[in-house]
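J.: Prediction below, plus the sequence it came from.
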Amino acid sequence: MNLTSKIKQVEAYFNNIPQMVTNATKDVVQSSKKQLADIQSQISQFTSKIPLSTLNNVTGFLNQAQKQIGVVTPEVKNTELIRWSVCVVLCCVVLLVVVCNVLGLVLGPLGLAPRADPTKRSCTAECGGLFLMMGAGFSFLFSWLFMILVLLLFLLGGNVYTLICQPWSSGELLNFIDTPGLIPNLDIGRTLGLKTNLSISQIYTNCEANQPVWTALHLNEVININDLLNVSKFTGQIQQQFDKTNITLPTITLLTPDLKSQLSNVTMKATQFDTSAITQTMNNITSINLNTTADILDNLTATATNADIKSELQSEARDLRQLQANIEIQIIPQMKTLMLNVKELRTITGIINGTVGEVLNNVGTAQDFLNTNTTQIIKTESGTFLDCQIGYFTSYTDWAKLMITQQVGRCQPVAGVVDSMEMILCSQMVESLNAFWFSLGWCLLFFIPSIIFSIKLAKHYRRMKYSDVYDNHIVMTHIPRAQMKAT
C-alpha cells in the first residue's frame, strides 16, 4: 500500500497551505501596503497644513526681542545700580536728619543742668542743641528736593499702577488691546485663516486654563483633522478588495479507492483467518513421542536372530531417541512461542476490522472537511487577522488625533510668562516705587513738626552769649491801709 508516502504527501499539503494563501493574497497585500503608504504620506503632510509660518514669525520676533534684551541688559544693570545708589543716598539723608534729632534729644537732656547759667551750659548740652539745629537745617535744605521727587514718583507710579497694573490684573488691559483699530494689522484670526475673530484675551484665557494650542488657536477651523485622519475610506477599500479575493485550495485525496479496497480486503482476510487449525496442528506435533517407537524397536531387537537386523534396529532406536530429545529441546519451546504469537494474532484479528473501519470513516470525514471547509476557514482567519491589523492602525490614528487636539502643545507657559511680566512690572517695580515715594512723603510730613520742635528745643540746650537778667527798678508806692477810729 505504501501508506508512508501517502502520509508524507498529506503533510506536504498542510505545510504548503501558508504559501498557497500568500500566493492567493499577494495582490491584496500589495494594494493594502499602497493604501497604508498613502495614509502615512497624508499624515506626514499634516504639519505642512498647520499655519506654522505665523508661529515661526512669532518665534522670530521673540528671538529678536531676546537679542535686544541681551544688548540693553548691561545698560539696565548700570541703571539699576544708579537707581539703588540714589535711593540709598536719599535714605541716608532721611537717616541723617533722624540721627541728628535723636542725638540732639539724647545729648541735650544729658548735659543740661536745671540751675546752670545759660551762658555756662555744658558742651554736651551745646552739642545736643547743635544737632537739633543741624536736623532742622538738613530738613530745610533737602525738603524741596524730596517734594519734587515725591511729586514726580507719584505721577509716574500712581499713573502706571492705575492705568496699567489694575487693568492688567482685572483683564481690562487685554480687552482694551483687543479694541478694533487700536493696533494696526492686529487680527490674529485673519492671520491664522480662521473664520471667527480670535482675540488676545481669549488666547490668554484658554492658555490660563492649560488648553492645547489646537483649542487655544481654534485650529479646527483651519484643518479638518477628522477628514485628514479618517482611515475608514482606505480600510473600506482594503476590506472590499479582500472580500473579492478568491482563496481556493486544491482538493486532496487522502486515500484512493484502490487503497480503500485493499484495506477492506485486509479486514476481510483478517476475519477469515482461522487459528484453530494451526493450534490443532501444533498440538498434534507436540503430542508425538518417538521414545515409545524406540522402545518397540528395542523389544524387536531382543527377538531378532539376525545380527545385522538387530544392529540396524538398535541404531534406529537411538536415532529416534535423539530426534525426540531434539524436539523437546528445540522444537517444543519454539512451538510454545508460536502458540503465544498465534493467540496474540487472534486478538489483533478480532479488533482489526473495527480499527480499519474507524480509520476509513475518519479519513473520509477529514477529506470531506478539508475539501469543503478549509478555504472558508482560511478566508475567515485571514479576515480576522486583517481586521486586527486595521484595528491597530485605527487605534493609532485615534491616539494621534487625541494627542494633537488635547495633549500636545499646552500653552499654560505662555499665560505664565504674561503673569510673570505682570508680577515683575507691577508687584516688584511699580509697587516698590509707590511704596518708596509714599514712605518718603510720610518722612516729609514728619519733617514739619521735627523742624518746629528742633528749633524750640535747641535754645534750651545751646550755650547763650548773654544771660537773661531781670533787674527790679520799679518803685513800689506804699498804699496806706485804712484804719478804724477809736471810740
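T.: Everything's here; your move.
J.: Check the offset of stretch 372-391 from the chain's centre.
T.: 35 Å (CA atoms, centre = their mean, to the nearest Å).
J.: residues of it that come out buried?
T.: Under the neighbour-count criterion of 16 or more other CB atoms under 10 Å, stretch 372-391 has Thr374, Thr375, Ile378, Lys379, Ser382, Leu386, Ile390 buried. In this view, the C-beta of every residue, glycine as well, is placed from N, C-alpha and C.
J.: same check, this time on stretch 91-102
T.: So for stretch 91-102, counting by 16+ other CB under 10 Å, buried means Val93, Val94, Val97, Cys100, Asn101.
J.: Show residues contacting that stretch.
T.: Phe131, Leu132, Met134, Gly135, Phe138, Ser139, Phe142, Leu440, Cys443, Phe447, Ser450, Ser454 (CB atoms under 8 Å, 6 or more residues apart in numbering).
J.: Compare the residues you listed and tell me which has the most neighbours.
T.: Neighbour count (other CB atoms under 10 Å) singles out Leu132 as the most crowded of these, with 29 neighbours.
J.: How much space separates the closest residue to that residue other than its chain neighbours from Cys388?
T.: Once flanking residues are discounted, Leu132 sits nearest to Gly104: 3.5 Å by CB to CB, 6 or more residues apart in numbering. For Gly104, the distance to Cys388 (CB to CB, to the nearest Å) stands at 96 Å.
J.: Kindly report the same for Leu297.
T.: Distance from Leu297 to Cys388, by CB to CB: 94 Å.
J.: For Asn289, grab the count of nearby residues.
T.: 13.
J.: my guess is it contacts Gln324, does it?
T.: Yes - at 6.9 Å, Asn289 counts as touching Gln324 under the criterion of CB atoms under 8 Å.
J.: Going by distance to Met282, which of the buried residues of stretch 91-102 wins?
T.: Val94 (142.3 Å; CB to CB).
J.: any idea which element that closest one lies in?
T.: Using DSSP states H and E, Val94 maps to helix 52-111.
J.: What helices and strands are in contact with the helix or strand following that helix?
T.: Sequence order places helix 123-153 as the next helix or strand after helix 52-111, per DSSP H and E. Helices and strands touching helix 123-153, as assessed by 3 or more CB pairs under 8 Å, 6 or more residues apart in numbering; DSSP states H and E, comprise helix 52-111, helix 431-461.
J.: just the ones you listed: most buried one?
T.: helix 431-461 (a mean of 16; mean count of other CB atoms under 10 Å).
J.: Now do it and helix 52-111, the angle between them.
T.: Here the directions of helix 431-461 and helix 52-111 differ by 10 degrees (axes from the mean of the first three to the mean of the last three CA atoms, to 10 degrees).
J.: Tell me what angle helix 431-461 forms with helix 123-153.
T.: Using the same axes, to 10 degrees: helix 431-461 against helix 123-153 is 150 degrees.
J.: Phi and psi next, for the residue sitting nearest the centre point of the chain.
T.: In the chain, the residue lying closest to the centroid (CA atoms, centre = their mean) is Gln407, at 10.3 Å. Main-chain torsions, Gln407, degrees, to the nearest 10: phi -120, psi -50.
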